[in-house]
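Colleague: Okay, predicted coordinates and the sequence, questions at the end:
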Amino acid sequence: MCGIAGWISYDRDLCGESEKRILAAMTSTMERRGPDAGGLWVDRHVGFGHRRLAVIDIEGGVQPMLAEDCEKTVASLIFAGEIYNFVELREQLIVLGHTFRTRSDTEVILRGYLQWGAEVAERLNGMFSFAIWDTRTEELLLVRDRMGVKPLFYYPTADGVLFGSEPKAILAHPDVRPEVDLDGLREVLVLVKNPERTPYAGMHEVRPGQIVRVTRSGLVKTRYWQLTAHEHEHDLHRTIKTVRELLDDIVQRHVVADVPLCSLLSGGLDSSAVTALADRAMRKEHGSHIRSFSVDFVNQDQYFLPGALHKASDTPFVHDFVQYIGTDHTEVVLDSSQLADGRLNSTVLHACDFPPNSTTVDMFASLYRLCEVIKTQSTVALSGESADEVFGGYPWFHDPQAVAAGTFPWLAFRGTAMDTANVLDKDLLERLNLPEFQAESYLRAIAETPRLKDDDPTERRMREVSYLHLTRFVQFLLDRKDRMSMAVGLEVRVPYCDHRLVDYVFNIPWRMKSFDGREKSILRAAAGELLPGSIIERQKSPYPSTQDPAYEISVRDQVASVMDDPRDPITPLLDRAAVDEILARPVGNASLMSDRRGLECVRSLSTWFKEYGVSLAA
């Protein structure tokens with residue numbers, strides 16, 4: 001796993017010292033993503049920068065990587081991610097006459113491009129973002145994996161483009177200003193994650209499954225993969241068997257690494273199934289159990305209250321799993337008051353480059369701390385992320401009102417679509433018109449949903465709900481996992497995002513996906529013999545959120561400081577009366593979560609505007 005940055009300028013020679021210094025500055029922002037090594041390559045109109053986290057072929061996979069013909073460079077590549085079928089592709093390319101200098105997946109992409117051109121993307125199975133410069137045509141390709149596990153941002157300029165794994169690489173260029181327009185602020189405030197959009201004016205994100213081609217003539221975007229609708233031909237027994245076979249193959253590929261590997265374990269069905277399969281593969285290959293890590297909070301047993309989402313604490317189920325499987329387990333226990341620390345909030349924001357959604361700020365902080373601990377023992381971790389989106393695991397999939405709400409189901413179910421914005425100035429809220437933004441974002445997503453003409457109304461609607469999750473909601477979770485893990489140099493792999501599994505399960509009829517009347521029926525059946533009964537029977541519970549009042553008290557203190565500082569750039573954008581009203585309420589009142597979301601919004605926006613020098617466009 002790595003971080004990439006680049007600059008294309010058709011009207012400028014980038015070989016000058018000042019240009020090289022700018023490229024080096026852009027690349028250095030990616031150092032946390034790639035702490036092991038770095039490299040630059042410049043050739044007149046192109047500058048590539050790379051920071052490496054060495055996972056496969058430690059010695060050989062150095063980047064930027066060049067392909068040469070008669071001692072002339074014909075193509076250069078910078079790549080972040082992992083290719084899980086690189087061994088098979090390497091063998092194919094050798095048969096086709098290619099010679100390899102390394103055993104890295106990086107060189108497989110480069111040689112694959114020389115053989116197949118941009119169509120190499122269609123042959124890759126993995127999580128990846130990469131840039132290829134073809135010196136023969138002076139053309140740049142920016143390519144992102146099908147599910148968007150690895151990020152890639154770009155900023156078109158008058159004579160080319162800037163790009164990077166994170167916005168900070170682009171913001172390091174002196175010609176880019178951290179300006180946010182109303183659409184950008186809307187993206188921060190409403191959990192809809194519109195493809196290609198970012199909070200920063202002029203900056204875009206390569207869409208999952210997309211290729212952005214840059215030439216002297218301009219920029220062209222194409223899709224090499226997207227979800228499609230087709231008839232599901234298997235009966236229930238064969239469907240369960242196929243899912244299990246896919247999972248066996250996927251996890252087997254995901255445990256390949258030349259560095260220590262572990263698994264994130266919550267005691268839920270998703271992470272437990274991945275960990276159990278990985279443990280089998282590790283014992284077969286290495287004769288030892290896999291390491292596993294879980295997270296809990298100090299005094300969680302005292303403060304935990306079951307709710308619509310978090311129905312039970314994770315810890316008892318984690319213990320059941322570890323006793324049943326025998327993994328080499330570490331339980332990371334965090335202090336909730338420390339999670340609210342302003343310095344940690346700043347660290348999280350700098351990892352994201354803009355505020356995390358206010359509904360889950362403490363989850364970002366706790367995941368960051370968890371990854372910090374894991375990094376001391378492992379370089380690669382497996383995660384159960386995205387199984388809920390793939391198999392239909394969230395409670396709102398099974399809530400008739402949320403399904404029929406005519407908006408994003410997760411917002412209808414939680415009833416939190418706009419409440420974080422109630423701390424903002426009323427005139428600003430009127431200009432933002434968040435209900436209209438949410439409605440337009442929803443209709444845009446529904447319009448692109450693939451369908452079968454013979455779907456009955458229920459199947460049609462559930463296909464739409466699945467599509468919303470696989471193209472919008474999952475991006476929020478994948479971004480959170482990527483930014484928090486890569487901020488400490490930890491690579492997290494996501495087996496449930498394998499496009500073969502996603503495409504297969506997307507087309508399983510909903511009546512079959514929920515055949516036993518429960519969430520994730522297919523996955524539960526496919527993983528049945530792997531896990532203890534308590535986990536098989538457990539209801540869905542998301543990544544844990546702290547309920548310790550010490551967390552809220554600390555956030556309140558920080559918001560009070562913001563309100564007391566007349567120089568804070570965010571105060572003109574706030575409704576002081578609304579914020580003061582929240583601060584005057586007792587800690588832990590009935591509207592605790594709504595209040596906390598509002599306070600988190602104030603705190604994060606203040607940090608963002610101050611530390612990034614953000615300005616709001618008129």
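Modeller: That came through fine.
Colleague: quick one: the helices in the stretch 351-500 of the chain?
Modeller: Counting by DSSP state H, counting those that start in this stretch, the stretch 351-500 of the chain has these helices, from start to end: 361-375, 387-391, 400-403, 409-414, 426-432, 434-447, 457-468, 474-486, 499-506.
Colleague: Out of the ones you listed, which is closest to residue 587?
Modeller: For residue 587, the closest of the helices of the stretch 351-500 of the chain is helix 361-375, at 15.0 Å, according to C-beta to C-beta. Heads up, the C-betas are built off the backbone N, CA and C, glycines and all.
Colleague: For the closest one, which helices and strands make contact with it?
Modeller: strand 261-264, strand 291-297, strand 328-334, helix 336-339, helix 342-352, helix 474-486, helix 592-612 (3 or more C-beta pairs under 8 Å, 6 or more residues apart in numbering; DSSP states H and E).
Colleague: Against which helices or strands is the second one packed?
Modeller: Right, the one you point to is strand 291-297. strand 261-264, helix 315-325, strand 328-334, helix 361-375.
Colleague: Please convert those to TSV, extending it with mean neighbour count and mean pLDDT.
Modeller: Output for the helices and strands packed on strand 291-297, formatted as TSV (neighbours: other C-beta atoms under 10 Å; pLDDT from 0 to 100):
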stretch	mean neighbour count	mean pLDDT
strand 261-264	25	96
helix 315-325	19	94
strand 328-334	17	94
helix 361-375	22	93
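Colleague: In a markdown table: these, plus distance to residue 183.
Modeller: Formatted as a markdown table, the helices and strands packed on strand 291-297 follow (distance: least, C-beta to C-beta, whole Å):
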| stretch | distance to residue 183 |
| --- | --- |
| strand 261-264 | 34 |
| helix 315-325 | 42 |
| strand 328-334 | 35 |
| helix 361-375 | 22 |
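Colleague: So which of the ones you listed is nearest residue 578?
Modeller: helix 361-375 (18.7 Å).
Colleague: most packed of the helices of the stretch 351-500 of the chain?
Modeller: For the helices of the stretch 351-500 of the chain, the stretch with the most neighbours on average is helix 387-391, a mean of 27; neighbours defined as mean count of other C-beta atoms under 10 Å.
Colleague: Residues contacting that helix, please?
Modeller: 269-270, 273, 393-394, 466, 469-470, 473-474, 477, 496, 501-502, 505-506, 513, 519-523, 540 (C-beta atoms under 8 Å, 6 or more residues apart in numbering).
Colleague: Check stretch 175-190 too.
Modeller: If you take C-beta under 8 Å, 6+ apart as the criterion, stretch 175-190 is touched by 155, 157, 162, 170-171, 193-194, 197-203, 354-355, 357, 411, 417-418, 420-421, 431-432, 434, 437-438, 441, 601, 605, 612-617.
Colleague: ditto for stretch 116-129
Modeller: 4, 79-86, 89, 105, 109, 112-113, 141-145, 147, 149-152, 165, 206, 211, 213, 224-225, 253, 493-494, 497-500.
Colleague: filter those residues to the buried ones?
Modeller: By neighbour count, with 16 or more other C-beta atoms under 10 Å, the contacts of stretch 116-129 hold 4, 79-84, 86, 89, 105, 109, 112-113, 141-145, 147, 149-152, 165, 206, 211, 213, 224-225, 253, 493-494, 497-499 as buried.
Colleague: Narrow those to those in strands?
Modeller: Of these, the ones assigned to strands by DSSP state E are 4, 79-83, 141-144, 211, 213, 493.
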